[in-house]
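Enquirer: Pasting the sequence and the predicted model now:
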Amino acid sequence: MAVDVNSNKYTFIFAAVMVIIVATLLALASESLKPMQKQNVANEKRQNILTSIGVEVDAAEAETAYNENLVEALVLDANGSVVESPAVEAFDIDVLKDYKAGLSGIYKANADDLEAMKAALLAWGEGGVNYPLFVLKKGGENVYVVPMVGTGLWGPIWGYVTVAADGKTVVGAVFDHKSETPGLGAEINQASFQKPFEGKSIFDESGEFTGIKVMKGGAKGSEHGVDAISGGTITSNGVTEMIVRTLKIYEPYLLNLQGGAKTAELVELPVDSAALALDSLNVEGVVDSLMLSAE
């Protein structure tokens, strides 16, 4: 019996079969590309870590260069203590995913109470929040690469800040973003913004934790600040919040590098609430203990 190719029934069946075939092919292609995509993401991460210590390599060379420079990859808990047998290895911890999954809310809700924040972080998920720390070689000495994530004007920002063996001097920094404004907040991924972090100190002369501030109006002469991005106040504030909050978690470990036994205390710094009110991920709730505005 001849098939009526002009009938509505034939057209419907043909379209349905084609949809199923195309969908199957796309699914197979997606699955086959996943290992390659995962490898590309991992190599980009390695490139960023290496860039933060001053080593520039292509994606194809990233894994080899990373392995050559890596001393060890540690996992810390919310108290800044090394986790001996972490459930997830340091390199596999996705700090951006964790931040989006609920950590941003914990940081906001407990920003004025460090002990409450630590308790919430230690109770989060299964076994508490884990923080990766990468120890690499630079100039014959170990340096310590701290991954971090925060919020800019339009979405997530992230970066890597590298601290010298003295536990307080920044030797490199790399930042990036998802959707900051071109020519303004997007400039955080440029060398002109990142380079000035080198040589800054995250502790003052008396050993008190300061973090690094992105300062509106200029940071000339400051050992703890860099110039903010002109016209990118909210993104600059987000970078400050991200750095201060994250390094505060790592403070006990950094103090140990300094050979001190000083107890880490909550840092209290003012907040620019007007600028934070525009924050798309509600970082505006972070209060005085985490300095977000430039002085």
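Expert: Looks like it arrived, so ask away.
Enquirer: number of nearby residues for G155?
Expert: Residues near G155, counting by other Cβ atoms under 10 Å, number 14. Bear in mind the C-beta positions are built from the backbone N, C-alpha and C, glycine included.
Enquirer: Check the gap between it and G231 for me.
Expert: 18 Å (Cβ to Cβ, to the nearest Å).
Enquirer: Report the residue spans of the chain with pLDDT below the cut-off.
Expert: For the chain, the stretches flagged by pLDDT under 70 are 1-3, 218, 260-295.
Enquirer: Spell out, range by range, the strands that occur in it.
Expert: For the chain, strands defined by DSSP state E occupy the ranges 70-76, 131-138, 141-151, 156-163, 170-177, 213-215, 225-227.
Enquirer: Please name the strands paired to the last one in the sheet, noting orientation.
Expert: What it means is strand 225-227. strand 213-215 (parallel) (DSSP bridges).
Enquirer: what's the distance between V161 and K34?
Expert: With Cβ to Cβ as the criterion, V161 and K34 are 31 Å apart.
Enquirer: More neighbours: which of these two?
Expert: Taking other Cβ under 10 Å, V161 and K34 do not tie; V161 has more neighbours (27 against 10).
Enquirer: Could you export the strands of the chain as TSV, including distance to D113?
Expert: Output for the strands of the chain, formatted as TSV (distance: least, Cβ to Cβ, whole Å):
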stretch	distance to D113
strand 70-76	20
strand 131-138	19
strand 141-151	19
strand 156-163	25
strand 170-177	27
strand 213-215	22
strand 225-227	26
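Enquirer: residues in contact with V55?
Expert: Residues near V55 by Cβ atoms under 8 Å, 6 or more residues apart in numbering: A65, N69.
Enquirer: quick one, what contacts N48?
Expert: N48 touches Y160, V174, D176, counting by Cβ under 8 Å, 6+ apart.
Enquirer: The last one and E187 touch, don't they?
Expert: What it means is D176. No. D176 lies out of contact with E187 (Cβ atoms under 8 Å); the separation is 11.2 Å.
Enquirer: Which of these two has more residues huddled nearby?
Expert: Shown here are D176 and E187; by other Cβ under 10 Å, E187 has more neighbours (21 against 16).
Enquirer: and the more buried one, how far is that from S230?
Expert: From E187 to S230 the distance is 9 Å (Cβ to Cβ).
Enquirer: Kindly report the same for D4.
Expert: Applying Cβ to Cβ to D4 and S230 gives a distance of 70 Å.
Enquirer: quick one: contacts for the nearest residue to A164 once chain neighbours are set aside?
Expert: Closest residue to A164 apart from its sequence neighbours, by Cβ to Cβ, 6 or more residues apart in numbering: V171 at 4.9 Å. Listed by Cβ under 8 Å, 6+ apart, the contact set of V171 reads I53, G54, K138, V143, T162, V163, A164, E198, G199.
Enquirer: Please state the offset of stretch 4-23 from the chain centre?
Expert: 49 Å (Cα atoms, centre = their mean, to the nearest Å).
Enquirer: Just the CA atoms of that stretch, as PDB, please.
Expert: This file holds the C-alpha atoms of stretch 4-23, laid out as PDB (Å, rounded to 0.1, in the frame of the first residue of the first chain):
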ATOM      1  CA  ASP A   4       0.500   9.200   1.400                       C
ATOM      2  CA  VAL A   5       3.400  11.600   2.000                       C
ATOM      3  CA  ASN A   6       1.100  14.600   1.800                       C
ATOM      4  CA  SER A   7      -1.200  13.500   4.600                       C
ATOM      5  CA  ASN A   8      -1.100  15.200   8.000                       C
ATOM      6  CA  LYS A   9      -0.500  11.900   9.700                       C
ATOM      7  CA  TYR A  10       2.600  11.300   7.700                       C
ATOM      8  CA  THR A  11       3.900  14.800   8.400                       C
ATOM      9  CA  PHE A  12       3.300  14.400  12.100                       C
ATOM     10  CA  ILE A  13       5.000  11.000  12.300                       C
ATOM     11  CA  PHE A  14       8.000  12.100  10.300                       C
ATOM     12  CA  ALA A  15       8.400  15.300  12.400                       C
ATOM     13  CA  ALA A  16       8.200  13.200  15.600                       C
ATOM     14  CA  VAL A  17      10.800  10.700  14.400                       C
ATOM     15  CA  MET A  18      13.200  13.500  13.300                       C
ATOM     16  CA  VAL A  19      12.800  15.200  16.700                       C
ATOM     17  CA  ILE A  20      13.700  12.000  18.500                       C
ATOM     18  CA  ILE A  21      16.700  11.300  16.300                       C
ATOM     19  CA  VAL A  22      18.000  14.800  16.600                       C
ATOM     20  CA  ALA A  23      17.500  14.900  20.400                       C
END
